[in-house]
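[1] Please find the sequence and the predicted model below.
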Amino acid sequence: PLDTRFEAADPNEARYIEEIRNGILAIQAAKGREAGRLMRGTHSKGICTNATFEVLANGQNQGQGLFAHPGRYNAVLRFANAKSEILSDLEDDVRSVSLGVDLPEALRPEGVSRQDFSMNNATTFPIRNAHIFALLMRKLANQRLSPWENILVGDAFLRGQGQERQELAPYQTLTYYSGVPFAYGPDQAAKFSIKPCRGIRSQDLDGSELALQHEFSRFLREDASGACLEFRVQPLVLNEVHELLGLSVTDFIENATFEWDEERMPFTTVAKVWFDRGGVMDAAACEALRFNVNRNALPAHIGLGSINRAREGAERASAERRLARP
């Protein structure tokens, strides 16, 4: 089991998690409908493609979980905008990528056939922990908060708005981060990142409401051959933790807004994602995809911290409602 020094749950966390689940479902019901069809609770507008995930066999590979097995595996990619509404691609927003990797037979625990990853083009998550996430759900539901609770929620709003204000750029040219930590083997924690390989191509966006999707579709048709993304791991270096402001390991795990210094704890490339030449996935097949970084996960890569502990139930409930037969 993972070293218990890494996590510290709030005594009221189960209640917070239930509030988050119910809040996400309420958002999904209120904002996630388009043409009478229930959408995802978040990251509603997206585009998918098949891909190949290549685990590299090099001297920097730490041999943890999936990354202990060099080889090429089938995968799917979904690029999306973060908001619940189906808005123009020109709107300010965080951009995201979800990645699902088919696991080799030798690695499959009972009931797990895929390893999922989910990342945004922001280095951290704007909400510190499950408690503040639950407060945010209460605020969105017009429930009364105390002055201090309003301050906590206001800070999360400001962080989120700051992350949304970014230069618009094609999906394939952005760098994405897990934001929150995950296990990396039995006794390490790490964050993940995806960045474009050198030389990846793009063209100017066309200025339409589907500008990002149009450019990504064009890229797959014209420039994807030989193009790739680097998959990187940033292990938590324990001796660096103790030198930074006297913080504990738990601070790095439980505070999702905390930045891990890349100079002290650099990323290492452990895999590459190769784009499929077949182009964009059928829209219905893309919509049917469901990603869950805790349920579709090896024990070696399970999510850490209260945000990860809270997201599994919300993601599962949202997907089940969206994909339920009428």
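    Everything's here; your move.
[2] switch to C-alpha atoms for all contacts and neighbour counts from now on
    Noted.
[3] residue ranges for the helices of the stretch 201-326 of the chain, please.
    Per DSSP state H, counting those that start in this stretch, the stretch 201-326 of the chain carries helices over the ranges 211-222, 238-243, 249-254, 283-288, 306-323.
[4] And the average pLDDT for the first one is what?
    pLDDT averaged over helix 211-222 equals 96, rounded to a whole number.
[5] now the third one
    Mean per-residue pLDDT for helix 249-254: 87.
[6] Please report phi then psi for residue 99.
    Note on residue 99: backbone dihedrals following degrees, to the nearest 10 are phi -130, psi 130.
[7] quick one: contacts of the host helix or strand of residue 163?
    For residue 163, the element it lies in under DSSP states H and E is helix 147-164. With contacts defined as Cα atoms under 8 Å, 6 or more residues apart in numbering, helix 147-164 is touched by 92, 93, 94, 122, 126, 127, 128, 132, 135, 136, 139.
[8] ok so the last one is a helix residue?
    Yes. Going by DSSP: H, G, I helix; E, B strand; the rest coil, the assignment for residue 139 places it inside a helix.
[9] now it: how far from residue 153?
    Going from residue 139 to residue 153 by Cα to Cα, to the nearest Å gives 8 Å.
[10] Please apply the same query to residue 22.
    On the measure of Cα to Cα, residue 22 and residue 153 end up 18 Å apart.
[11] Contacts for stretch 285-299 next, please.
    With Cα under 8 Å, 6+ apart, stretch 285-299 has contacts from 47-48, 65-66, 78, 98-100, 108-109, 112-118, 183, 185, 302-303, 308, 312, 315-316, 319, 323.
[12] and it, how far from the chain's centre?
    How far stretch 285-299 lies from its chain's middle: 11 Å, per Cα atoms, centre = their mean, to the nearest Å.
[13] Can you give me the buried ones in it?
    286, 287, 290, 291, 292, 293, 294, 295, 296, 297, 298, 299 (16 or more other Cα atoms under 10 Å).
[14] With stretch 233-240 instead?
    233, 234, 235, 236, 237.
[15] Next: stretch 270-280.
    Residues 270, 271, 272, 273, 274, 275, 276, 277, 279, 280 are the ones in stretch 270-280 that count as buried (16+ other Cα under 10 Å).
[16] okay if I get those as CSV plus pLDDT and distance to residue 261?
    Below are these laid out as CSV (pLDDT from 0 to 100; distance: Cα to Cα, whole Å):
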residue, pLDDT, distance to residue 261
270, 94, 19
271, 96, 22
272, 97, 23
273, 98, 25
274, 97, 28
275, 95, 30
276, 88, 33
277, 80, 36
279, 83, 37
280, 92, 36
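[17] And these, which is closest to residue 257?
    Closest approach to residue 257 among the buried residues of stretch 270-280 (Cα to Cα): residue 270, at 24.9 Å.
[18] which one of the buried residues of stretch 233-240 is nearest residue 226?
    Using Cα to Cα, these come closest to residue 226 at residue 233, 22.5 Å.
[19] who does that closest one bridge with?
    Taking DSSP bridges, one finds residue 192, residue 268 as the beta-bridge partners of residue 233.
[20] how long is stretch 159-176 from one end to the other?
    End-to-end for stretch 159-176, by Cα to Cα: 17 Å.
[21] Revised request: answer the last question for stretch 76-88.
    24 Å.
[22] buried set for that stretch?
    76, 77, 78, 79, 80, 81, 82, 83, 84, 85, 86, 88.
[23] now that stretch: mean pLDDT?
    So the average pLDDT for stretch 76-88 ends up being 91.
[24] before we move on, back to that, quick one, which of residue 139 and residue 153 is more surrounded?
    residue 153 (23 against 17; other Cα atoms under 10 Å).
[25] about what we covered before: what's the spacing between the helix holding residue 163 and its chain's center?
    20 Å.
[26] can you check stretch 249-267 too?
    16 Å.
[27] just stretch 79-90 next, same as before
    The mean C-alpha position of stretch 79-90 is separated from the chain mean by 15 Å, Cα atoms, centre = their mean.
[28] Residue 55 against residue 232, yeah?
    No. Counting by Cα atoms under 8 Å, residue 55 does not reach residue 232; the two are 10.7 Å apart.
[29] tell me, what's touching these two both at once?
    270, 271.
[30] hmm, back to that, what's the average pLDDT for the next helix or strand after the helix holding residue 163?
    The C-terminal neighbour of helix 147-164 among helices and strands, as given by DSSP H and E, is strand 176-177. Predicted confidence along strand 176-177 averages 98 (mean pLDDT).
[31] what sits up against stretch 249-266?
    Counting by Cα under 8 Å, 6+ apart, 5-8, 123-129, 179-181, 234-238, 240-242, 304-307 sit against stretch 249-266.
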